[in-house]
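Trainee: Sequence and predicted structure below; questions after.
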Amino acid sequence: MNPKIEKLIKLFAKLPRVGTRGGQRIALHLLQDKTGRASAISAALIDATENIAPCPNCGVLTDRAADMCEYCRDAMRANGQLCIVRDLSDVWTLEKSSVFHGRYHIIGGLLSGASGILPQDLNISNLGRRISDEGIHEIIFALPNTVEGKTTQHYIMSALGDAASVAFTELASGVPLGGDLDYLDDGTLTLAFGGRKSL
Ligand SMILES: [Zn+2]
């Protein structure tokens with residue numbers, strides 16, 4: 001195989017859910033495409049990787065040049081609710097279902113002895129400041145319904161123990177055990193959100 005093509009396939013194959021067969025299909029498609037798709041993708045990729053960075057307030061990926069992301073800047077979202085999620089795909093899932101209209105906080109992972117993720121690896125150091133600065137009265141945990149998700153939730157609650165004015169809630173039991181948010185259809189997610197329980 002031509003080494004340039006082989007390199008492309010190997011790079012694609014390492015992407016989530018692609019693998020070697022998928023990598024071969026993508027590489028072939030792009031190399032044989034006559035519409036300029038490969039150049040458009042490489043330009044968009046360079047533009048995004050150079051100009052997108054996590055929002056310093058909540059962790060949502062946004063324009064590096066902007067102070068904060070669109071959710072943190074939106075005054076309509078200052079309703080005192082803060083939803084804690086693992087990553088940006090959870091924000092997209094919740095936005096798609098239109099079930100939540102407050103602010104988000106992406107913690108970027110879950111505590112796990114097995115994969116060595118420790119509290120200092122999570123994006124939680126500014127949570128206490130956000131509670132007071134943004135007048136947060138409810139923190140909604142929308143983390144995966146797993147041992148790691150629950151452990152992380154308990155850790156954050158005890159770390160924020162001083163912020164006694166805040167109510168902690170979690171999504172109702174519609175979230176399946178071991179399940180991520182993006183496995184839920186909009187109806188189930190709406191039910192889980194509406195029926196959230198106090199902690
Ligand atoms: Zn933000």
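Mentor: Thanks, I have it.

Trainee: Only C-alpha atoms from now on, for both contacts and neighbour counts.
Mentor: Will do.

Trainee: Domain map for the protein?
Mentor: Per automatic domain parsing, the domain ranges recorded for the chain read 3-10+18-53, 67-198.

Trainee: how about the longest one against the ion, any contact?
Mentor: Yes: for domain 67-198 and the ion, the contact criterion (Cα under 5 Å from the ion) is met by 69, 72.

Trainee: quick check, distance from that domain to the centre of its chain.
Mentor: The chain centre lies 10 Å from the centre of domain 67-198; the measure is Cα atoms, centre = their mean, to the nearest Å.

Trainee: Could you measure from the residue nearest to residue 126 when sequence neighbours are not counted over to residue 157?
Mentor: Distances taken as Cα to Cα, 6 or more residues apart in numbering put residue 57 closest to residue 126, at 7.6 Å, once the chain neighbours are dropped. Using Cα to Cα, to the nearest Å, residue 57 is found at 19 Å from residue 157.

Trainee: Equivalent analysis for residue 197, please.
Mentor: Remark: distance between residue 197 and residue 157 (Cα to Cα) = 15 Å.

Trainee: before we move on, the earlier item: dump the residue contacts of the residue nearest to residue 126.
Mentor: 68, 72, 105, 126, 130 (Cα atoms under 8 Å, 6 or more residues apart in numbering).

Trainee: Counting neighbours, which bits of the least confident helix or strand in the chain by mean pLDDT end up buried?
Mentor: Every helix and strand of the chain was ranked by mean pLDDT, DSSP states H and E. The lowest is helix 186-194, at a mean of 79. Neighbour-count burial for helix 186-194 flags 186, 188-193 (criterion: 16 or more other Cα atoms under 10 Å).

Trainee: And stretch 72-88, by the same measure?
Mentor: In stretch 72-88, counting by 16+ other Cα under 10 Å, buried: 72, 77-78, 81-88.

Trainee: dump the residue contacts of the residue sitting nearest the centre point of the chain.
Mentor: With distances taken as Cα atoms, centre = their mean, residue 87 lies nearest the centre of the chain, 1.7 Å away. Taking Cα under 8 Å, 6+ apart, we find residue 87 in contact with 106-109.

Trainee: next one: residue 77
Mentor: Contacts of residue 77 by Cα under 8 Å, 6+ apart are 71, 101-103.

Trainee: Just give me the closest of the residues you listed to the ion.
Mentor: residue 71 (5.6 Å; Cα to the ion).

Trainee: For burial, what's the neighbour tally of that closest one?
Mentor: A count of neighbours around residue 71, defined by other Cα atoms under 10 Å, yields 18.
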